[in-house]
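Engineer: A structural model of the following input is requested.
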Amino acid sequence: MREIPTNKNCDVEGCSKESKKTVSREKAGAAIKEAGLNLSVKDKVTKAHLCVDHYRKIKKKLKKDREIERLRWS
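Structural biologist: Numbers count the residues shown, from 1 in each chain. The predicted structure follows:
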């Protein structure tokens, strides 16, 4: 997850705030749906652009997923 230098809008439906973070749609798909958010991007897009407010909603779920993934490596 990195900061976006361009002025893109958040990909969540109904949000027009400037995006600050990107997340992989593959890894964050479950977290986004669990938070009750719908993305307004096409299926071929690999990254989802999120504003600060929407990123905060899925951040804890993403952290748990990363911890589980790290446990699989060892």
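Engineer: any idea of the mean pLDDT in stretch 31-42?
Structural biologist: Averaging pLDDT along stretch 31-42 gives 82.
Engineer: how far does it stretch from start to finish?
Structural biologist: Terminal residues of stretch 31-42 lie 18 Å apart, using C-alpha to C-alpha, to the nearest Å.
Engineer: Let me see the confidence value for the spatially most central residue of the chain.
Structural biologist: Compute the mean C-alpha point of the chain, and by C-alpha atoms, centre = their mean the closest residue is residue 23, 4.0 Å away. Note on residue 23: pLDDT of 89.
Engineer: On the three-state scheme, residue 65 is what?
Structural biologist: Following DSSP: H, G, I helix; E, B strand; the rest coil, residue 65 is assigned to helix.
Engineer: wait, it sits on residue 29?
Structural biologist: No: the criterion here is C-beta atoms under 8 Å, and residue 65 misses it with residue 29 at 10.4 Å. From N, CA and C alone the C-beta is placed, and that goes for glycine too.
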